[in-house]
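# Pasting the sequence and the predicted model now:
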Amino acid sequence: MHSENINSAFLDPVVAGDEVDNYYHLGVSSDDPLLAELHDLRAVIMGGSGARMTSFASTWSAMNDDAPILSFPKEDRFVTRYTAGVLFVSHGMGMPSASIAVQELMRLAYFLKRGNLDELDRVFWARVGTSGGVGLPGGTVVVTTEGGMADLKPYRLLDAHGDYTWFDGHFPADIASGIIQASEGSGIPVAMGATVATNEFFIEQFRLDGAIALTTPEEKMEWLRRIDDAGVRNIEMEGAMLAAYLNHWGFSRFAMICATVVNRLEGDQVTSTPQELHDYNERAGRVLFDYLRRILMA
Ligand code: R2B
Ligand code: URA
């Protein structure tokens, strides 16, 4: 872990019990008795939708002798469930929303592990979601190797000096390979490659079907071909930030597993039926659970 990048001036007094940290959007505080149940935290699994995270928590509970499922009381921003060592949290859509969830979860994990960096680094983090595929048929599950933004450059944010702070978008290669290995035999089509995370579903993903279209069909295809040639296998809206923040603290175990719901080389509209979308999400979940079983139940 990169201890120099951890905001310990704020976090250590919370661990010591001298200050209370309010995880405002998650709806709990560090002095909430509920958190005593979470000390065995071994993984944090995130995804856009609250319903999907609730269903994932039920699956994981069933795989662990019907372990009790705890719910955080607040659900109007993020939906949070904890069962059998795993915290399942929805993060909404896009990096502005998901970055709030990730920051509060990193603070919470630090508190739960009492600032012990070795224990903290044993926690596995993943986003499991949907994406637009680049040259892949709908329903392919992509395990990300590297996350960039629409210009293929890493995640960056404006800092206090008016400059950009640049982050590292790599996902740990050994974890990505471990996920692929664990999925072998499942029959699910799984690919590995880079992922582009955008700030907008239509304009920054070069769609022609938004209310506002700023691109020509030729420019769209040019962008898609450029990212395809650069090894990008899918497009979504959170991965570059997720890798950025987890790398900043130096976590070594994290991943992103996303099902594709459309092949962007063939079109913009997501025309999959509700049943197909359900099946695609189930595939991403199956790839996750095959890996969780291997690392947490062995
Ligand atoms: C994938 O799907 C959502 C948009 O439909 C977004 O959260 C993402 O990353
Ligand atoms: N999510 C995205 O961000 N883009 C897509 O094309 C599909 C899902």
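Structure received. Ligands and ions are numbered 1, 2, ... in the order given.

# Would you map the helices across the stretch 1-150 of the chain?
Remark: helices assigned in the stretch 1-150 of the chain by DSSP state H, counting those that start in this stretch are 8-15, 50-63, 95-112, 117-121.

# which of the ones you listed is buried the deepest?
Scoring those by mean neighbour count under mean count of other CB atoms under 10 Å gives helix 95-112 as the most buried, with a mean of 20. Where you see a C-beta, it was placed from the backbone N, CA and C, and this is true even at glycine.

# Could you see whether ligand 1 lies near it?
No - Helix 95-112 lies apart from ligand 1 when judged by CB under 6 Å from any ligand atom; the minimum separation is 7.6 Å.

# from here on, count from 58
Renumbered: residue one is now 58, and that last one reads helix 152-169.

# Skip the chain neighbours and tell me the closest residue to whichever residue of the stretch 108-257 of the chain sits closest to ligand 1.
In the stretch 108-257 of the chain, the residue that lies nearest ligand 1 is M150 (3.6 Å; CB to the nearest ligand atom). Excluding the flanking residues, the one nearest M150 by CB to CB, 6 or more residues apart in numbering is G105, at 5.5 Å.

# Next to ligand 1, which bits of the stretch 108-257 of the chain? Give me the list.
150, 186-188.

# As CSV, these with pLDDT would be great.
Output for those, formatted as CSV (pLDDT from 0 to 100):
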residue, pLDDT
M150, 98
G186, 98
T187, 98
S188, 98
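
# Who wins on neighbours among the residues you listed?
S188 (30 neighbours; other CB atoms under 10 Å).

# surely F346 meets W117?
Yes - at 7.1 Å, F346 and W117 qualify as touching, with contact defined as CB atoms under 8 Å.

# need the contact list for G196.
For G196, the contact set (CB atoms under 8 Å, 6 or more residues apart in numbering) comprises 246, 316-317, 333, 336-337, 340.

# So for A355, what pLDDT did the model give?
Looking at A355, its pLDDT is 75.

# ok, of the contacts of G196, which come out buried?
Buried by 16 or more other CB atoms under 10 Å: 316-317, 337, 340, out of the contacts of G196.

# and these near ligand 1, which?
Residues shared between those and the neighbourhood of ligand 1: none [CB under 6 Å from any ligand atom].

# picking up where we left off before, how many residues are close by the residue nearest to M150?
20.

# Report how many residues lie close to the one residue in the stretch 158-307 of the chain that gets nearest to ligand 2.
Closest approach between the stretch 158-307 of the chain and ligand 2, counting by CB to the nearest ligand atom: G189, at 2.4 Å. Around G189 there are 25 other residues, counting by other CB under 10 Å.

# Repeat that for the one 10 residues further on.
By the other CB under 10 Å criterion, the neighbourhood of V199 contains 29 residues.

# need the residues of the chain near ligand 2, please.
Near ligand 2, when you scan the chain using CB under 6 Å from any ligand atom, you find 187-189, 258, 262, 292-294, 318-319.

# who wins for neighbours among these?
When neighbours are counted by other CB under 10 Å, S188 leads those with 30 neighbours.

# Please verify my assumption that that residue contacts C315.
Yes - between S188 and C315 there is a contact at 4.0 Å, judged by CB under 8 Å.

# anything in contact with each of the two?
What both S188 and C315 touch, as defined by CB under 8 Å, 6+ apart, is the set 199, 252, 291, 293.

# Three-state assignment for the residue nearest to the first one when sequence neighbours are not counted, please.
Taking CB to CB, 6+ apart, and ignoring the residues beside it in sequence, V199 has N291 as its nearest neighbour in space, at 4.4 Å. Recorded secondary structure, N291: strand (DSSP: H, G, I helix; E, B strand; the rest coil).

# thought N291 was touching L193?
Yes - counting by CB under 8 Å, N291 does reach L193; the two are 7.2 Å apart.

# what residues do those two have in common as contacts?
With CB under 8 Å, 6+ apart, N291 and L193 have common neighbours 199, 317.

# Can you pick out the residue with more neighbours from those two?
Counted by other CB under 10 Å, N291 and L193 do not tie: N291 has more neighbours, with 32 against 21.

# Beta-bridge partners for the more buried one, please?
G190, T252 (DSSP bridges).

# quick one: pLDDT of it?
At N291, pLDDT is 98.

# mind listing what it touches?
N291 neighbours (CB under 8 Å, 6+ apart): 188-191, 193, 199, 201, 250, 252-253, 315, 317.
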